[in-house]
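1. Sequence and predicted model, in that order:
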Amino acid sequence: LADLKSVLVTSVLNLEMLDVDLYRGTHHWVPRGQRLFGGQIVGQALVAAAKSVNDNLFAHSLHCYFVRAGDPKVPVLYQVERTRDGRSFTVRSVKAIQHGQPILICQASFHTLQPSPLQHQFTMPGVPQPEDLLTVEELIHLYLSKPDIAENAKQGLNKLLANEVPIEVKPVNPPHFYRLSAAEPKQLFWVRARGHIGEGNMKLHCCVAAYVSDYAFLGTALLPYPNYRAKFSASLDHAMWFHSTFRTDEWMLYECESPWAGGSRGLVQGRLWRRDGVLAASCSQEGVLRVKPVMEPSKL
Ligand SMILES: CC(C)(COP(=O)(O)OP(=O)(O)OC[C@H]1O[C@@H](n2cnc3c(N)ncnc32)[C@H](O)[C@@H]1OP(=O)(O)O)[C@@H](O)C(=O)NCCC(=O)NCCSC(=O)CC(=O)O
């Protein structure tokens, strides 16, 4: 996967300017299901928004709705509206368009750096360090080497391997990731972008965090239900708040939990931690989750 180095920065998040506040984005990784990855659309929308704000402003929040499935066969246009330029806050509205229709609407807000005596955060959960854990790819190779693995599970895992995801993921509790038995709707991953991004560009790190934060997020809501498989799942909205500086090309801990599911929908909330325990970002998302019972027990 070495050729994926910096693919996030050089292709996924590198938009082509067509006109003032109008950009075109292309795809790198399209998940199974043949709809565009939500994190890519959010990340690119944030890139487009950030291009129209001054360098002394930093994204502090974004709120998006995924209103149509993204078509992997055509590029996405990003149209930025300069909603307001205030004294310390600046707001942008971005519409992602394909076939003449919006697929995502996004509001992003930017703030100047303002110090304050108010300062607190939760404590980062204590977990094994990334050096002591296996990547998703290593775990898959391990499962594939088991002699009693079912043919359909093998096919599924090989398809997962073929997915050239431009982020590295190390599940803290792999059985949760593969949903082997009923578990609390909570999961923890170490995540980082493949390749070098460098320290300087916080705007870019926020965009990469938007990309990374959608990966396997909604799956948290399925953890209590190993006997059900999603027959249709898609994120409906995605919100993020950025709290501190961070580097997405260094390991960050993604703590995900789902406080609620019902009515064919599930809510997930996440926290992205810097390795030194600083809370970098918070995320939340609601998704549609239509499930069907699993016929035979998983042989993973
Ligand atoms: C959420 C939406 C589908 C809602 O649109 P609609 O209201 O028109 O759609 P819908 O829910 O009625 O129908 C969607 C599909 O479900 C079927 N369907 C409808 N009602 C059903 C029911 N009660 N039981 C079972 N299936 C049902 C429909 O036939 C259709 O299938 P059929 O399609 O076969 O006709 C759409 O807004 C959308 O696609 N938004 C984009 C979502 C997205 O791309 N998110 C980012 C990627 S997801 C991601 O990145 C994270 C992740 O995957 O984890």
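-> Yep, it's here.

2. by contact count, what packs against whichever strand or helix holds Gly39?
-> Using DSSP states H and E, Gly39 sits within helix 38-50. Counting contacts by 3 or more Cβ pairs under 8 Å, 6 or more residues apart in numbering; DSSP states H and E, helix 38-50 packs against strand 22-25, strand 57-66, strand 76-85, strand 89-98, strand 101-112, helix 202-213, strand 228-242. C-beta here means a position set from N, CA and C on the backbone, and glycine is covered the same way.

3. from those, which stretch is densest packed?
-> helix 202-213 (a mean of 26; mean count of other Cβ atoms under 10 Å).

4. ok so, going back, just put the helices and strands packed on helix 38-50 in TSV and tack on mean pLDDT and distance to Arg271.
-> Listed next are the helices and strands packed on helix 38-50 as TSV, based on pLDDT from 0 to 100; distance: least, Cβ to Cβ, whole Å:
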stretch	mean pLDDT	distance to Arg271
strand 22-25	97	27
strand 57-66	97	15
strand 76-85	98	27
strand 89-98	98	23
strand 101-112	98	19
helix 202-213	93	10
strand 228-242	96	10
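
5. Of these, which is nearest Gly262?
-> Closest approach to Gly262 among the helices and strands packed on helix 38-50 is made by strand 228-242 (13.9 Å; Cβ to Cβ).

6. What strands line up against the closest one, and which way round?
-> Pairing partners of strand 228-242, with direction, according to DSSP bridges: strand 57-66 (antiparallel), strand 279-293 (antiparallel).

7. quick one: whichever residue of the stretch 51-200 of the chain sits closest to the ligand and Glu286, what's the gap?
-> Distances between the stretch 51-200 of the chain and the ligand by Cβ to the nearest ligand atom are smallest at Phe66, namely 3.5 Å. To Glu286, Phe66 is 10 Å away according to Cβ to Cβ, to the nearest Å.

8. Which neighbours do these two have in common?
-> Listed as contacting both Phe66 and Glu286 by Cβ atoms under 8 Å, 6 or more residues apart in numbering are 235-237.

9. Keep only the residues you listed that also lie close to the ligand.
-> 235-236 (Cβ under 6 Å from any ligand atom).

10. Just give me the closest of the shared contacts of Phe66 and Glu286 to Leu118.
-> Distance to Leu118, by Cβ to Cβ, is smallest for Asp237 among these, at 27.9 Å.

11. Which residue, other than its chain neighbours, is closest to the closest one?
-> Take Asp237 and drop its neighbours on the chain: the residue closest to it by Cβ to Cβ, 6 or more residues apart in numbering is Tyr65, 5.0 Å away.

12. Pretty sure the residue of the stretch 51-200 of the chain closest to the ligand sits against Leu36.
-> No - using Cβ atoms under 8 Å, Phe66 is not in contact with Leu36, being 9.3 Å away.

13. residues shared between the contacts of those two?
-> Listed as contacting both Phe66 and Leu36 by Cβ under 8 Å, 6+ apart are Ile103.

14. and Phe110, what are its bridge partners?
-> Ala59, Thr90.

15. Tell me if I'm right that it and Ser88 touch.
-> No - applying Cβ under 8 Å as the test, Phe110 and Ser88 come out as separate, 9.4 Å apart.
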